[in-house]
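Asks: Following is a predicted model, sequence given first.
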Amino acid sequence: MKKYLVLILMVLLVGTTNFAEAMLVIDQVNPFSNNTGFEAGENDLWQQEVMVGMDGYLMGIDLYWLSNPGINNNKLDFFLNVGSAWQNDVNDFRSTITFNRLNSWNFIDLSLANLYFLKGDQFVFGVQNTYDNTTIGGSYFNQYSAGDLFLGGHSYSNGLWDLGFRTYVDIPNEEPSPIPLPSPVPEPSSMLLLTIGGLATALFRGKRK
């Protein structure tokens with residue numbers, strides 16, 4: 001009986017290790033505001049410049065899919081390049097994105113791109129559409145000062161406009177304001193403490209018998 005209890009305890013310890021290794025946090029944010037939208041069409045190649053605020057792997061980006069009368073196509077060509085704008089080289093990540101939440105944030109998963117950045121690094125993400133126009137929410141009056149929006153190789157409107165976005169970084173969990181990865185309920189640490197307590201009680205009762 002004791003061997004089985006020890007084995008279960010070891011499995012629980014191994015199983016909870018991954019939850020403590022890393023956390024997701026929101027790094028850079030530019031809000032969607034004032035009903036500002038940018039049409040991404042076949043001839044509209046947008047690149048948004050972003051400056052990284054903390055070390056870690058870039059795990060995803062939120063974009064805001066904005067409704068536009070007669071233009072509600074939900075497909076988009078999305079790409080990402082390391083470095084500042086303007087980028088013409090081979091993309092470090094590229095995918096066709098299908099949005100499913102109109103007038104809301106839509107998450108683009110970048111976990112498989114294996115992109116690690118240091119604080120102060122720059123990258124650009126771009127949007128274009130070879131299917132039909134798609135409208136992406138953004139802002140104006142330079143709400144995001146750490147990078148500019150570019151169109152066709154040039155800074156758009158003297159840097160006063162930006163796409164709306166939120167970047168997510170995978171970092172050690174000692175960083176401030178973490179957003180934990182999905183985990184069972186109760187939390188693994190609580191579950192582990194409860195399990196250890198239960199096993200200790202069982203072993204103690206077994207010895208008394």
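Replies: Sure, I can see it.
Asks: For this protein, which segments are assigned as helices?
Replies: Along the chain, counting by DSSP state H, helices occupy 2-21, 188-208.
Asks: Lowest average pLDDT across the ones you listed?
Replies: Mean pLDDT values for the helices of the chain show the minimum at helix 2-21, a mean of 43.
Asks: Low-confidence regions, this protein specifically.
Replies: Within the chain, the set of residues satisfying pLDDT under 70 comprises 1-22, 42, 70-72, 130-131, 172-209.
Asks: Run a quick neighbour tally on the residue lying closest to residue 73 once chain neighbours are set aside.
Replies: The spatially closest residue to residue 73, leaving aside those adjacent along the chain, is residue 132, at 3.9 Å (Cβ to Cβ, 6 or more residues apart in numbering). In short, each C-beta sits where N, CA and C put it, glycine included. Using other Cβ atoms under 10 Å, the number of residues around residue 132 comes to 14.
Asks: Figure out the length between the terminal residues of stretch 94-113.
Replies: Length of stretch 94-113, first residue to last, Cα to Cα, to the nearest Å: 9 Å.
Asks: Give the buried residues for it.
Replies: In terms of neighbour count (16 or more other Cβ atoms under 10 Å), stretch 94-113 has its buried residues at 95, 97, 99, 105-106, 108, 110, 113.
Asks: wouldn't the residue nearest to residue 73 be in contact with residue 77 here?
Replies: No. If you go by Cβ atoms under 8 Å, residue 132 and residue 77 don't touch, sitting 11.6 Å apart.
Asks: give me every residue that touches residue 142.
Replies: For residue 142, the contacting residues are 159-162, by Cβ atoms under 8 Å, 6 or more residues apart in numbering.
Asks: who wins for neighbours among these?
Replies: Neighbour counts for those were taken using other Cβ under 10 Å; the highest belongs to residue 162, which has 26 neighbours.
Asks: could you list every residue that touches the nearest residue to it once chain neighbours are set aside?
Replies: With Cβ to Cβ, 6+ apart as the criterion, residue 162 has its nearest non-adjacent residue at 4.4 Å, and that residue is residue 144. Counting by Cβ under 8 Å, 6+ apart, residue 144 touches 28-30, 162.
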